[in-house]
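[1] Just need the structure, nothing else, for what follows:
(2 chains)
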Amino acid sequence: MAAGTAALAFDAVSCTFISRDDPAQRYTAVRDVTLRVGAGEFVSVVGPTGCGKSTLLNMAAGLLTPSSGELSVFGESLAGINSRAGYMFQAESLMPWRTALQNVMAGLEFRGIANARAQADDWLKRVGLGGFGDRYPHQLSGGMRKRTSLAQTLALDPDIILMDEPFSALDVQTRQLMENEVLELWAAKKKAVLFITHDLDEAIAMSDRVVVLSAGPASHPIGEFHVDLDRPRDVAEVRTAPRFVELHKAIWDVLREEVLKGYRQQLAA
Amino acid sequence: MWRFIKPNSRNLRAWQLGVLVAVFVAWHLLTTPGLLPPFLFADDRQAAFFFGEPLKIFGRVWGWFIVNADIYKHLWVTLIETVLAFGIGTALGLGCGLWLALSPLAAAIFDPYIKALNSMPRVILAPIFAVWFGLGIASKVALGVTLVFFIVFFNVYQGVKEVSPVVLANARMLGASRRQLLRHVYLPSATSWVFSSLHTSVGLAFVGAVVGEYLGSAQGVGYLILQAEGSFDINTVMAGILVLTAFALVLDAMVSWGERRLMKWQPKVGETEKM
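    Prediction:
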């Protein structure tokens, strides 16, 4: 795929953090990452804990500036916040002082869209929370808060969706429901998705392509696998397909070494 | 019988009232001349002279509110001073808190001065304010503002610093401009901190008003107390203190009411219904 047409392109991107108290102490989270996400493509990134997956996503969102290399969005170099991307965070990101509906409305409101309330209401219904618009986040369950976050992100109709382990805090059943919902919404709109997860099953079940990152520091992609499973998929059913098992084994062979490396580093630290 | 009298959550109010009545009865018994043989003072009039007599105090309050109805003017002045000090102090504290919290360089420059001003005993400024602003309302408001300002300021500063970075990043990703971040993220987050300090700051605004009046004024409840003290009229002093206390309770109840209305998004512990 040509560089110009990619929805999101990392070109030899590195990111080094410098300790504020001691500038001599530096930590290179990712080094020389080259990665493309085509328009309408669902790409997952897996890797051991602490390998800089979130750093990668924060750079794609424009919340972090890369130390070197270049990021481009639909062929244009990214500077500042990536306004064509929606970001679903791993941690709680809803504004606790706004109701579910007001939270979904927030982005539309910031952009001064006229019928923000009606659109937000519509999105809330689409994620199955039609009757919960007037609840505050603390009155919703974890799964409902994630749905609200999803509606909040999708309401802006972004061309690129960035997801940082969005379902890692959910129980298995809720998680599979949410994964299917996301797949359905994605299939309808065909957005570019960069999905970060530590769960290999989730990555294979959902994506077109799985990228494996090496253990940190200075992590970089070490493997790339095309997931040639038929769509539409059901995340629970697809796990039993022979091709899924094959892919899982192939990716895990690459990933295992890195997971062990990362684990040893954490033990040593 | 004891089952009904034993303190529990239902007869709490009755017990609270009982404590109040007991205090006043004890006060009455100990101070009314001739009722009990004097055991602390040589003369049985001395207890009444030093501590006042509850019946006379109530008579004074009754006179103020009903018979002469002449306290309203003073109460009104004290109330205006309190409300103005509270409003101006809160607005200034909010503004400065937001500004310094959002520009670290300014915060670093002003840090020692803020600390110095905060640790200074600010009641000592009252005479200066009296000189600057005269003996009217303005000098009392100024004193109250200096007291309220720092409470609100530190809470807002803390509130902005403690905004969840994820919520902030999320708002930025949703396209919030700097102004919108201020309005929709920093301000609501700071408000919850301001509210937690509101009971303290209303109380301090009140202290500023009364202390200011006490140090020099022509009206206000503090002025009434000052006058009475000048003529050793302990009953009127006590009546003034009673009125001020009741008034402070009313202000506090109003803050609680506002807090419940504005902060309904905050989780409360044990928000469940027993079936």
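[2] For residue A:214, which phi and psi angles does the backbone take?
    phi -80, psi 170 (degrees, to the nearest 10).
[3] swap in the one 3 residues further on?
    Note on residue A:217: its backbone torsions stand at phi -80, psi 170 [degrees, to the nearest 10].
[4] That one touches residue A:17, doesn't it?
    No: counting by CB atoms under 8 Å, residue A:217 stays clear of residue A:17, with 9.7 Å between them. In this view, the C-beta of every residue, glycine as well, is placed from N, C-alpha and C.
[5] pretty sure residue A:163 belongs to a helix, no?
    No: using DSSP: H, G, I helix; E, B strand; the rest coil, the secondary structure at residue A:163 is strand, not a helix.
[6] Could you check how far it is from residue A:85?
    In this structure, residue A:163 and residue A:85 are 11 Å apart, going by CB to CB, to the nearest Å.
[7] what's the longest helix in the chain?
    Using chain A. helix A:242-268 (DSSP state H).
[8] that's the wrong chain, I wanted chain B
    Chain B, longest helix under DSSP H: helix B:72-102.
[9] And it, what does it pack against?
    On a contact count with 3 or more CB pairs under 8 Å, 6 or more residues apart in numbering or on different chains; DSSP states H and E, helix B:72-102 meets helix B:104-119, helix B:137-161, helix B:187-215, helix B:221-230, helix B:234-262.
[10] Is chain A within reach of the first one?
    No: residues of helix B:104-119 contacting chain A under CB under 8 Å from any CB of the partner chain: none, with a closest distance of 11.7 Å.
[11] Contacts made by the following helix or strand past that helix with the rest, please.
    Next in sequence after helix B:104-119, counting helices and strands by DSSP states H and E, comes helix B:126-133. Identification of contacts with helix B:126-133 by CB atoms under 8 Å, 6 or more residues apart in numbering or on different chains yields B:138-140, B:142-143, B:211-212, B:215-216.
[12] Is any residue of stretch B:165-176 near chain A?
    Yes: judged by CB under 8 Å from any CB, stretch B:165-176 comes into contact with chain A at B:166-167, B:169-176.
[13] Most widely separated two among the residues you listed?
    Spatially, the most separated pair among these is B:166 and B:175, at 16.5 Å (CB to CB).
[14] List the contacts of the most centrally placed residue in chain B.
    Taking CA atoms, centre = their mean, the centroid of chain B lies closest to residue B:203, which sits 1.2 Å from it. Neighbour list for residue B:203: B:248, B:251-252 [criterion: CB under 8 Å, 6+ apart].
[15] Neighbour-wise, which one of these leads?
    Among those, residue B:251 has the most neighbours (other CB atoms under 10 Å in any protein chain shown), with 18 neighbours.
[16] Can you verify my assumption that that one contacts residue B:202?
    Yes: the pair residue B:251 / residue B:202 is scored as a contact, 5.2 Å apart, by CB under 8 Å.
[17] Now do the shared contacts for those two.
    residue B:82.
[18] and residue B:179, how many residues sit next to it?
    8.
[19] same thing with residue B:118?
    14.
[20] residues touching the most centrally placed residue in chain A, list them.
    Central residue check for chain A by CA atoms, centre = their mean: the C-alpha nearest the mean position is that of residue A:163, 1.9 Å away. The contact partners of residue A:163, by CB under 8 Å, 6+ apart, come to A:57, A:87-88, A:182, A:193-196.
[21] List buried residues within the residues you listed.
    By neighbour count, with 16 or more other CB atoms under 10 Å in any protein chain shown, those hold A:57, A:87-88, A:182, A:193-196 as buried.
[22] And the residue in chain B sticking out farthest from the centre, how close does it get to residue A:58?
    In chain B, residue B:173 marks the outermost C-alpha relative to the chain mean, sitting 41.5 Å out by CA atoms, centre = their mean. As judged by CB to CB, residue B:173 and residue A:58 stand 10 Å apart.
[23] cool, residue A:266 as well?
    Where residue A:58 is concerned, residue A:266 sits at a distance of 21 Å (CB to CB).
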